[in-house]
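Enquirer: sequence and computational prediction follow.
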Protein chains: 2
Amino acid sequence: MDLLVESRGKGVRMGDIAKLAGISRQALYLHFTTRAELLIATTIYLDEINNTDERLAASRNARSGPERLDTYIEAWGTYIPEIYGVAKALLAMKDTDDAASKAWQNRMQAMRHGCEAAIEALKDDGNLSPDYSPDEATDILWTLLSVRNWEQLTIECGWSQADYIRKMKQLARRVLVV
Amino acid sequence: MDLLVESRGKGVRMGDIAKLAGISRQALYLHFTTRAELLIATTIYLDEINNTDERLAASRNARSGPERLDTYIEAWGTYIPEIYGVAKALLAMKDTDDAASKAWQNRMQAMRHGCEAAIEALKDDGNLSPDYSPDEATDILWTLLSVRNWEQLTIECGWSQADYIRKMKQLARRVLVV
DNA sequence: TTTGTCAATTGACATCATGTCAAGTAACGA
DNA sequence: TCGTTACTTGACATGATGTCAATTGACAAA
(Lines give C-alpha, C1' and ligand atoms only; values in the text may rest on other atoms or scores of the structure.)
Protein backbone atom coordinates (compact mmCIF):
# COMPACT_ATOMS: atom_id res chain seq x y z
CA MET A 1 0.00 0.00 0.00
CA ASP A 2 2.77 2.44 0.95
CA LEU A 3 4.63 1.61 -2.22
CA LEU A 4 1.59 2.07 -4.45
CA VAL A 5 0.54 5.33 -2.84
CA GLU A 6 4.05 6.70 -2.85
CA SER A 7 4.93 5.80 -6.41
CA ARG A 8 1.47 6.65 -7.70
CA GLY A 9 1.00 3.11 -8.84
CA LYS A 10 3.61 3.36 -11.55
CA GLY A 11 6.14 0.60 -12.00
CA VAL A 12 5.30 -1.32 -8.86
CA ARG A 13 6.11 -4.97 -9.45
CA MET A 14 5.24 -7.98 -7.37
CA GLY A 15 8.93 -8.37 -6.54
CA ASP A 16 9.16 -4.80 -5.27
CA ILE A 17 6.22 -5.30 -2.98
CA ALA A 18 7.61 -8.56 -1.63
CA LYS A 19 10.98 -6.95 -1.01
CA LEU A 20 9.47 -4.11 0.96
CA ALA A 21 7.34 -6.55 2.91
CA GLY A 22 10.47 -8.54 3.71
CA ILE A 23 9.30 -11.78 2.16
CA SER A 24 10.07 -13.61 -1.07
CA ARG A 25 8.13 -12.92 -4.22
CA GLN A 26 6.71 -16.43 -4.10
CA ALA A 27 5.46 -15.97 -0.57
CA LEU A 28 3.47 -13.01 -1.86
CA TYR A 29 1.74 -15.35 -4.27
CA LEU A 30 0.79 -17.56 -1.35
CA HIS A 31 -1.29 -14.66 -0.04
CA PHE A 32 -2.53 -13.13 -3.27
CA THR A 33 -2.78 -15.38 -6.27
CA THR A 34 -2.68 -12.54 -8.79
CA ARG A 35 -1.55 -8.98 -8.92
CA ALA A 36 -5.13 -7.87 -9.45
CA GLU A 37 -6.19 -9.63 -6.28
CA LEU A 38 -3.47 -7.88 -4.34
CA LEU A 39 -4.53 -4.52 -5.72
CA ILE A 40 -8.15 -5.16 -4.90
CA ALA A 41 -7.31 -6.28 -1.37
CA THR A 42 -5.23 -3.14 -0.98
CA THR A 43 -8.09 -0.83 -1.92
CA ILE A 44 -10.38 -2.63 0.48
CA TYR A 45 -7.84 -2.36 3.25
CA LEU A 46 -7.21 1.29 2.41
CA ASP A 47 -10.91 2.03 2.59
CA GLU A 48 -11.08 0.24 5.88
CA ILE A 49 -8.34 2.12 7.66
CA ASN A 50 -9.51 5.39 6.16
CA ASN A 51 -13.06 4.81 7.29
CA THR A 52 -14.16 5.65 3.80
CA ASP A 53 -17.75 4.49 3.84
CA GLU A 54 -18.57 6.46 6.92
CA ARG A 55 -16.86 9.59 5.70
CA LEU A 56 -18.67 9.44 2.38
CA ALA A 57 -21.98 8.70 4.04
CA ALA A 58 -21.62 11.70 6.33
CA SER A 59 -23.19 13.89 3.65
CA ARG A 60 -26.50 12.25 4.53
CA ASN A 61 -26.74 14.54 7.49
CA ALA A 62 -26.90 17.62 5.34
CA ARG A 63 -30.04 19.62 5.81
CA SER A 64 -30.66 20.66 2.22
CA GLY A 65 -30.06 19.17 -1.20
CA PRO A 66 -27.41 21.68 -2.25
CA GLU A 67 -25.65 21.33 1.07
CA ARG A 68 -25.62 17.60 0.65
CA LEU A 69 -24.12 17.97 -2.79
CA ASP A 70 -21.38 20.15 -1.31
CA THR A 71 -20.52 17.82 1.50
CA TYR A 72 -20.45 14.83 -0.80
CA ILE A 73 -18.08 16.55 -3.18
CA GLU A 74 -15.94 17.61 -0.24
CA ALA A 75 -15.77 14.08 1.16
CA TRP A 76 -15.09 12.43 -2.18
CA GLY A 77 -12.61 15.09 -3.24
CA THR A 78 -10.68 14.62 -0.03
CA TYR A 79 -10.75 10.87 -0.48
CA ILE A 80 -9.32 10.75 -4.01
CA PRO A 81 -5.73 11.79 -3.25
CA GLU A 82 -5.58 9.25 -0.45
CA ILE A 83 -6.31 6.37 -2.77
CA TYR A 84 -4.89 7.77 -5.96
CA GLY A 85 -1.80 5.57 -6.15
CA VAL A 86 -3.70 2.34 -5.73
CA ALA A 87 -6.52 3.55 -7.94
CA LYS A 88 -4.08 4.38 -10.69
CA ALA A 89 -2.55 0.91 -10.60
CA LEU A 90 -5.99 -0.65 -10.76
CA LEU A 91 -7.02 1.71 -13.52
CA ALA A 92 -3.98 0.68 -15.57
CA MET A 93 -4.91 -2.99 -15.28
CA LYS A 94 -8.57 -2.36 -15.99
CA ASP A 95 -8.18 -2.55 -19.75
CA THR A 96 -6.40 -5.89 -19.85
CA ASP A 97 -7.38 -7.69 -16.66
CA ASP A 98 -10.93 -8.80 -16.13
CA ALA A 99 -10.73 -9.05 -12.34
CA ALA A 100 -9.25 -5.58 -12.08
CA SER A 101 -11.91 -4.22 -14.39
CA LYS A 102 -14.69 -5.67 -12.29
CA ALA A 103 -13.15 -4.48 -9.05
CA TRP A 104 -12.85 -0.97 -10.38
CA GLN A 105 -16.39 -0.99 -11.76
CA ASN A 106 -17.57 -2.18 -8.39
CA ARG A 107 -15.86 0.68 -6.55
CA MET A 108 -17.15 3.18 -9.05
CA GLN A 109 -20.68 1.87 -8.78
CA ALA A 110 -20.48 2.36 -5.02
CA MET A 111 -19.37 5.93 -5.55
CA ARG A 112 -22.17 6.34 -8.09
CA HIS A 113 -24.71 5.50 -5.43
CA GLY A 114 -23.40 8.43 -3.43
CA CYS A 115 -23.95 10.66 -6.45
CA GLU A 116 -27.39 9.21 -6.97
CA ALA A 117 -28.35 9.92 -3.37
CA ALA A 118 -27.13 13.48 -3.61
CA ILE A 119 -29.14 14.01 -6.78
CA GLU A 120 -32.19 12.46 -5.14
CA ALA A 121 -31.84 14.88 -2.24
CA LEU A 122 -31.71 17.75 -4.69
CA LYS A 123 -34.80 16.51 -6.43
CA ASP A 124 -36.71 16.10 -3.16
CA ASP A 125 -35.85 19.68 -2.29
CA GLY A 126 -37.09 20.81 -5.68
CA ASN A 127 -33.62 22.07 -6.47
CA LEU A 128 -32.66 19.75 -9.29
CA SER A 129 -32.35 21.50 -12.61
CA PRO A 130 -35.31 20.61 -14.85
CA ASP A 131 -32.87 20.20 -17.72
CA TYR A 132 -31.88 16.78 -16.47
CA SER A 133 -33.62 13.65 -15.36
CA PRO A 134 -32.28 12.25 -12.08
CA ASP A 135 -30.46 9.57 -14.05
CA GLU A 136 -28.82 12.03 -16.36
CA ALA A 137 -27.89 14.28 -13.48
CA THR A 138 -26.31 11.30 -11.74
CA ASP A 139 -24.39 10.42 -14.89
CA ILE A 140 -23.07 13.95 -15.06
CA LEU A 141 -22.08 14.25 -11.42
CA TRP A 142 -20.51 10.83 -11.51
CA THR A 143 -18.44 11.76 -14.55
CA LEU A 144 -17.53 15.17 -13.21
CA LEU A 145 -16.12 13.61 -10.06
CA SER A 146 -14.15 10.87 -11.78
CA VAL A 147 -10.64 10.11 -10.62
CA ARG A 148 -9.37 10.89 -14.12
CA ASN A 149 -10.85 14.37 -13.95
CA TRP A 150 -9.30 14.95 -10.55
CA GLU A 151 -6.01 13.77 -12.01
CA GLN A 152 -6.23 16.08 -14.97
CA LEU A 153 -7.23 19.16 -13.00
CA THR A 154 -4.81 18.80 -10.11
CA ILE A 155 -1.81 17.09 -11.67
CA GLU A 156 -1.93 18.36 -15.24
CA CYS A 157 -3.59 21.73 -14.75
CA GLY A 158 -1.88 22.33 -11.42
CA TRP A 159 -4.97 23.08 -9.36
CA SER A 160 -4.46 22.79 -5.63
CA GLN A 161 -6.56 20.33 -3.73
CA ALA A 162 -8.50 23.22 -2.18
CA ASP A 163 -9.08 24.75 -5.61
CA TYR A 164 -10.31 21.45 -6.93
CA ILE A 165 -12.89 21.06 -4.21
CA ARG A 166 -14.04 24.65 -4.28
CA LYS A 167 -14.36 24.80 -8.06
CA MET A 168 -15.98 21.42 -8.26
CA LYS A 169 -18.67 22.42 -5.80
CA GLN A 170 -19.29 25.61 -7.70
CA LEU A 171 -19.40 23.79 -10.99
CA ALA A 172 -21.76 21.09 -9.77
CA ARG A 173 -24.09 23.70 -8.35
CA ARG A 174 -24.14 25.67 -11.55
CA VAL A 175 -24.90 22.61 -13.58
CA LEU A 176 -27.31 20.74 -11.38
CA VAL A 177 -28.98 23.14 -8.96
CA VAL A 178 -31.74 25.42 -10.10
CA MET B 1 -5.89 1.62 -38.19
CA ASP B 2 -8.93 -0.47 -39.08
CA LEU B 3 -7.96 -3.03 -36.46
CA LEU B 4 -7.46 -0.44 -33.75
CA VAL B 5 -10.67 1.39 -34.48
CA GLU B 6 -12.68 -1.79 -34.77
CA SER B 7 -11.37 -3.48 -31.65
CA ARG B 8 -11.30 -0.25 -29.69
CA GLY B 9 -7.60 -0.57 -29.20
CA LYS B 10 -7.89 -3.59 -26.96
CA GLY B 11 -5.60 -6.55 -27.45
CA VAL B 12 -4.16 -5.43 -30.76
CA ARG B 13 -0.69 -6.89 -31.04
CA MET B 14 2.04 -6.12 -33.53
CA GLY B 15 1.56 -9.58 -34.99
CA ASP B 16 -2.14 -9.00 -35.54
CA ILE B 17 -1.49 -5.79 -37.38
CA ALA B 18 1.17 -7.40 -39.55
CA LYS B 19 -1.13 -10.28 -40.36
CA LEU B 20 -3.93 -7.99 -41.46
CA ALA B 21 -1.49 -5.93 -43.49
CA GLY B 22 -0.32 -9.13 -45.19
CA ILE B 23 3.31 -8.81 -44.16
CA SER B 24 5.47 -10.46 -41.54
CA ARG B 25 5.72 -9.09 -38.01
CA GLN B 26 9.36 -8.28 -38.64
CA ALA B 27 8.56 -6.29 -41.76
CA LEU B 28 6.30 -4.15 -39.57
CA TYR B 29 9.31 -3.32 -37.43
CA LEU B 30 11.14 -2.19 -40.56
CA HIS B 31 8.54 0.53 -40.91
CA PHE B 32 7.83 1.35 -37.27
CA THR B 33 10.56 0.65 -34.79
CA THR B 34 8.22 0.55 -31.78
CA ARG B 35 4.57 0.00 -31.11
CA ALA B 36 4.28 3.53 -29.81
CA GLU B 37 5.67 4.89 -33.06
CA LEU B 38 3.12 2.91 -35.02
CA LEU B 39 0.28 4.22 -32.87
CA ILE B 40 1.49 7.79 -33.18
CA ALA B 41 1.82 7.48 -36.94
CA THR B 42 -1.69 6.02 -37.03
CA THR B 43 -3.22 8.97 -35.19
CA ILE B 44 -1.44 11.39 -37.50
CA TYR B 45 -2.66 9.51 -40.54
CA LEU B 46 -6.15 9.31 -39.11
CA ASP B 47 -6.22 13.04 -38.53
CA GLU B 48 -4.99 13.57 -42.03
CA ILE B 49 -7.63 11.55 -43.82
CA ASN B 50 -10.32 12.91 -41.53
CA ASN B 51 -9.28 16.46 -42.18
CA THR B 52 -9.33 16.98 -38.44
CA ASP B 53 -7.56 20.30 -38.12
CA GLU B 54 -9.81 21.96 -40.58
CA ARG B 55 -12.97 20.54 -39.06
CA LEU B 56 -11.95 21.62 -35.59
CA ALA B 57 -10.91 25.04 -36.78
CA ALA B 58 -14.27 25.59 -38.47
CA SER B 59 -15.68 26.90 -35.18
CA ARG B 60 -13.63 30.03 -35.82
CA ASN B 61 -16.32 31.18 -38.18
CA ALA B 62 -18.91 31.34 -35.45
CA ARG B 63 -20.43 34.79 -35.01
CA SER B 64 -20.66 34.84 -31.22
CA GLY B 65 -18.74 33.38 -28.32
CA PRO B 66 -21.46 30.98 -27.24
CA GLU B 67 -22.00 29.88 -30.80
CA ARG B 68 -18.31 29.22 -31.15
CA LEU B 69 -18.38 27.14 -28.00
CA ASP B 70 -21.23 25.11 -29.45
CA THR B 71 -19.59 24.48 -32.78
CA TYR B 72 -16.32 23.53 -31.15
CA ILE B 73 -18.03 21.00 -28.91
CA GLU B 74 -19.92 19.67 -31.90
CA ALA B 75 -16.78 19.26 -33.96
CA TRP B 76 -14.75 17.71 -31.17
CA GLY B 77 -17.58 15.48 -30.03
CA THR B 78 -18.04 14.19 -33.56
CA TYR B 79 -14.32 13.60 -33.85
CA ILE B 80 -13.86 11.51 -30.70
CA PRO B 81 -15.66 8.33 -31.81
CA GLU B 82 -13.69 8.35 -35.05
CA ILE B 83 -10.39 8.18 -33.25
CA TYR B 84 -11.47 6.39 -30.12
CA GLY B 85 -9.86 3.02 -30.85
CA VAL B 86 -6.46 4.47 -31.62
CA ALA B 87 -6.75 6.95 -28.77
CA LYS B 88 -7.55 4.19 -26.35
CA ALA B 89 -4.49 2.18 -27.37
CA LEU B 90 -2.29 5.24 -26.98
CA LEU B 91 -3.94 6.05 -23.68
CA ALA B 92 -3.18 2.56 -22.39
CA MET B 93 0.50 2.94 -23.25
CA LYS B 94 0.70 6.45 -21.82
CA ASP B 95 1.43 5.29 -18.30
CA THR B 96 4.35 3.05 -19.17
CA ASP B 97 5.74 4.36 -22.43
CA ASP B 98 7.39 7.72 -22.59
CA ALA B 99 6.97 8.24 -26.32
CA ALA B 100 3.28 7.39 -26.13
CA SER B 101 2.86 9.73 -23.20
CA LYS B 102 4.44 12.61 -25.06
CA ALA B 103 2.44 11.94 -28.20
CA TRP B 104 -0.80 11.92 -26.26
CA GLN B 105 0.12 15.07 -24.37
CA ASN B 106 0.92 16.70 -27.66
CA ARG B 107 -2.48 15.84 -29.15
CA MET B 108 -4.25 16.98 -26.02
CA GLN B 109 -2.40 20.27 -25.97
CA ALA B 110 -3.53 20.88 -29.52
CA MET B 111 -7.10 20.23 -28.50
CA ARG B 112 -6.57 22.51 -25.49
CA HIS B 113 -5.75 25.35 -27.83
CA GLY B 114 -9.15 24.92 -29.39
CA CYS B 115 -10.72 25.18 -25.95
CA GLU B 116 -8.61 28.20 -25.17
CA ALA B 117 -9.70 29.94 -28.33
CA ALA B 118 -13.35 29.23 -27.60
CA ILE B 119 -12.98 30.65 -24.09
CA GLU B 120 -11.19 33.68 -25.49
CA ALA B 121 -14.07 34.27 -27.87
CA LEU B 122 -16.50 34.10 -24.96
CA LYS B 123 -14.46 36.55 -23.01
CA ASP B 124 -14.26 38.98 -25.92
CA ASP B 125 -18.01 38.83 -26.19
CA GLY B 126 -18.32 39.55 -22.49
CA ASN B 127 -20.04 36.22 -22.06
CA LEU B 128 -17.49 34.39 -19.95
CA SER B 129 -18.68 33.71 -16.45
CA PRO B 130 -16.91 36.00 -13.98
CA ASP B 131 -16.48 33.02 -11.68
CA TYR B 132 -13.55 31.79 -13.73
CA SER B 133 -10.39 33.23 -15.14
CA PRO B 134 -9.82 32.36 -18.81
CA ASP B 135 -7.21 29.83 -17.72
CA GLU B 136 -9.53 28.16 -15.29
CA ALA B 137 -12.33 28.15 -17.78
CA THR B 138 -10.02 26.53 -20.31
CA ASP B 139 -8.99 23.90 -17.75
CA ILE B 140 -12.63 23.12 -17.12
CA LEU B 141 -13.70 22.94 -20.74
CA TRP B 142 -10.64 20.88 -21.59
CA THR B 143 -11.41 18.41 -18.81
CA LEU B 144 -15.11 18.30 -19.57
CA LEU B 145 -14.39 17.33 -23.15
CA SER B 146 -11.80 14.67 -22.36
CA VAL B 147 -11.88 11.38 -24.22
CA ARG B 148 -12.30 9.58 -20.88
CA ASN B 149 -15.43 11.56 -20.13
CA TRP B 150 -16.83 10.81 -23.55
CA GLU B 151 -16.04 7.16 -22.92
CA GLN B 152 -17.75 7.14 -19.57
CA LEU B 153 -20.88 8.95 -20.71
CA THR B 154 -21.45 7.11 -23.97
CA ILE B 155 -20.09 3.64 -23.28
CA GLU B 156 -20.69 3.25 -19.56
CA CYS B 157 -23.75 5.44 -19.10
CA GLY B 158 -25.19 4.55 -22.49
CA TRP B 159 -25.70 8.04 -23.83
CA SER B 160 -26.13 8.22 -27.58
CA GLN B 161 -23.68 10.29 -29.55
CA ALA B 162 -26.38 12.90 -30.16
CA ASP B 163 -27.18 13.01 -26.45
CA TYR B 164 -23.56 13.46 -25.62
CA ILE B 165 -23.16 16.44 -27.88
CA ARG B 166 -26.43 18.06 -26.92
CA LYS B 167 -25.90 17.65 -23.18
CA MET B 168 -22.29 18.70 -23.37
CA LYS B 169 -23.19 21.91 -25.12
CA GLN B 170 -25.85 22.61 -22.56
CA LEU B 171 -23.51 21.82 -19.71
CA ALA B 172 -20.68 23.94 -21.03
CA ARG B 173 -23.03 26.86 -21.50
CA ARG B 174 -24.40 26.58 -18.01
CA VAL B 175 -20.94 26.48 -16.52
CA LEU B 176 -19.06 28.97 -18.63
CA VAL B 177 -21.50 31.39 -20.21
CA VAL B 178 -23.00 34.17 -18.20
C1' DT C 1 10.77 -37.42 21.31
C1' DT C 2 8.53 -38.03 17.36
C1' DT C 3 5.35 -36.60 13.98
C1' DG C 4 2.54 -33.61 11.32
C1' DT C 5 1.38 -29.12 9.80
C1' DC C 6 2.16 -24.55 8.30
C1' DA C 7 4.45 -20.71 6.38
C1' DA C 8 8.05 -19.58 3.94
C1' DT C 9 12.33 -20.31 1.03
C1' DT C 10 15.10 -21.36 -3.26
C1' DG C 11 15.36 -22.08 -7.84
C1' DA C 12 13.70 -23.62 -12.10
C1' DC C 13 10.28 -23.06 -15.51
C1' DA C 14 6.12 -21.65 -18.65
C1' DT C 15 4.03 -17.85 -21.02
C1' DC C 16 3.39 -13.83 -23.63
C1' DA C 17 4.37 -9.60 -25.72
C1' DT C 18 7.94 -6.47 -27.47
C1' DG C 19 11.93 -5.82 -29.75
C1' DT C 20 16.63 -7.52 -31.98
C1' DC C 21 19.60 -10.00 -35.03
C1' DA C 22 21.38 -12.72 -38.88
C1' DA C 23 21.05 -15.06 -43.07
C1' DG C 24 18.62 -15.77 -47.12
C1' DT C 25 15.42 -14.55 -51.21
C1' DA C 26 12.76 -12.40 -55.02
C1' DA C 27 12.10 -8.40 -57.88
C1' DC C 28 13.81 -4.76 -60.31
C1' DG C 29 16.75 -1.34 -62.51
C1' DA C 30 21.30 0.12 -64.29
C1' DT D 1 25.13 -9.62 -64.37
C1' DC D 2 25.39 -6.94 -60.34
C1' DG D 3 23.66 -4.30 -56.58
C1' DT D 4 19.96 -2.55 -54.02
C1' DT D 5 15.74 -2.83 -51.71
C1' DA D 6 12.03 -4.79 -49.38
C1' DC D 7 10.82 -8.56 -47.41
C1' DT D 8 11.01 -13.48 -45.29
C1' DT D 9 12.17 -17.06 -41.83
C1' DG D 10 13.63 -18.30 -37.63
C1' DA D 11 16.16 -17.80 -33.52
C1' DC D 12 16.88 -15.09 -29.51
C1' DA D 13 16.88 -11.49 -25.52
C1' DT D 14 14.10 -9.17 -22.14
C1' DG D 15 10.93 -8.39 -18.51
C1' DA D 16 6.90 -9.21 -16.17
C1' DT D 17 3.43 -12.50 -14.27
C1' DG D 18 2.36 -16.72 -12.58
C1' DT D 19 3.44 -22.00 -11.56
C1' DC D 20 5.71 -25.99 -9.59
C1' DA D 21 8.60 -28.96 -6.72
C1' DA D 22 11.64 -29.83 -3.17
C1' DT D 23 13.32 -28.11 1.15
C1' DT D 24 13.62 -25.78 5.77
C1' DG D 25 12.47 -24.23 10.45
C1' DA D 26 9.13 -23.52 14.00
C1' DC D 27 5.67 -25.00 16.72
C1' DA D 28 2.13 -27.99 18.70
C1' DA D 29 0.06 -32.36 19.90
C1' DA D 30 0.53 -37.22 21.04
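Expert: Sure, I can see it.

Enquirer: could you pull out the helices in chain A for me?
Expert: Remark: helices assigned in chain A by DSSP state H are A:2-6, A:14-21, A:25-31, A:35-50, A:52-57, A:65-94, A:98-124, A:134-144, A:147-150, A:161-176.

Enquirer: list the contacts of the fifth one.
Expert: Same thing as helix A:52-57. The contact list for helix A:52-57 (C-beta atoms under 8 Å, 6 or more residues apart in numbering or on different chains) reads A:46, A:47, A:72, A:75, A:76, A:78, A:79, A:111, A:114. From N, CA and C alone the C-beta is placed, and that goes for glycine too.

Enquirer: distance of the closest residue in space to residue A:127 that isn't next to it in sequence relative to residue A:104?
Expert: Once flanking residues are discounted, residue A:127 sits nearest to residue A:65: 4.5 Å by C-beta to C-beta, 6 or more residues apart in numbering or on different chains. According to C-beta to C-beta, to the nearest Å, residue A:65 and residue A:104 sit 29 Å apart.

Enquirer: which non-adjacent residue is nearest the residue nearest the centre of chain A?
Expert: Centroid-nearest residue in chain A, with C-alpha atoms, centre = their mean: residue A:80, separated by 5.1 Å. Once flanking residues are discounted, residue A:80 sits nearest to residue A:150: 4.8 Å by C-beta to C-beta, 6+ apart.

Enquirer: could you double-check that that neighbour sits in contact with residue A:77?
Expert: Yes - in this structure, residue A:150 is within contact of residue A:77 by C-beta atoms under 8 Å, at 7.2 Å.

Enquirer: ok, these two, which is more surrounded?
Expert: Between residue A:150 and residue A:77, counted using other C-beta atoms under 10 Å in any protein chain shown, the more crowded position is residue A:150 (24 against 20).

Enquirer: what about that one, distance to DNA strand C?
Expert: Using C-beta to the nearest atom of the strand, to the nearest Å, residue A:150 is found at 30 Å from DNA strand C.

Enquirer: for the helix or strand bottoming out on mean pLDDT in chain A, buried residues please.
Expert: Scoring the helices and strands of chain A by mean pLDDT, DSSP states H and E places helix A:52-57 at the bottom, with a mean of 90. Within helix A:52-57, the residues scored as buried using 16 or more other C-beta atoms under 10 Å in any protein chain shown are A:52, A:56.

Enquirer: if I pick the residue of chain A positioned farthest from its centre, what's in contact with it?
Expert: Relative to the centre of chain A, the most outlying C-alpha is that of residue A:24, 31.4 Å out, by C-alpha atoms, centre = their mean. By C-beta under 8 Å, 6+ apart, residue A:24 lies in contact with residue A:18.

Enquirer: show the backbone phi and psi for it.
Expert: Note on residue A:24: backbone dihedrals following degrees, to the nearest 10 are phi -80, psi 160.

Enquirer: OK, contacts around residue A:146?
Expert: B:148, B:149, B:152.

Enquirer: hmm, the last one is touching residue A:141, no?
Expert: No - Residue B:152 lies out of contact with residue A:141 (C-beta under 8 Å); the separation is 11.8 Å.

Enquirer: comparing these two, which residue is more hemmed in?
Expert: Under the criterion of other C-beta under 10 Å, the comparison of residue B:152 against residue A:141 puts residue A:141 first, with 25 against 19.

Enquirer: quick one: neighbours of the nearest residue to residue A:173 once chain neighbours are set aside, just the number.
Expert: Take residue A:173 and drop its neighbours on the chain: the residue closest to it by C-beta to C-beta, 6+ apart is residue A:66, 6.3 Å away. Using other C-beta under 10 Å, residue A:66 has 20 other residues around it.

Enquirer: anything in contact with each of residue A:150 and residue A:77?
Expert: Joint contacts of residue A:150 and residue A:77 (C-beta under 8 Å, 6+ apart) are residue A:164.

Enquirer: near DNA strand D, which residues of chain A?
Expert: For chain A, the residues found near DNA strand D under the criterion C-beta under 7 Å from any atom of the strand are A:13, A:14, A:15, A:26, A:29, A:33, A:34, A:35, A:36.

Enquirer: hmm, stretch A:26-36 in reach of chain B?
Expert: No - using C-beta under 8 Å from any C-beta of the partner chain, stretch A:26-36 stays clear of chain B, coming no nearer than 14.4 Å.

Enquirer: ends of that stretch, how far apart?
Expert: Its first and final residues considered, stretch A:26-36 spans 16 Å by C-alpha to C-alpha, to the nearest Å.

Enquirer: so how far is it from its chain's centroid?
Expert: 25 Å (C-alpha atoms, centre = their mean, to the nearest Å).

Enquirer: repeat that for stretch A:68-85.
Expert: Here stretch A:68-85 shows a centroid-to-chain-centroid distance of 7 Å under the convention C-alpha atoms, centre = their mean.

Enquirer: buried stuff in it?
Expert: Buried positions in stretch A:68-85, judged by neighbour count with 16+ other C-beta under 10 Å: A:68-77, A:79-81, A:83-85.
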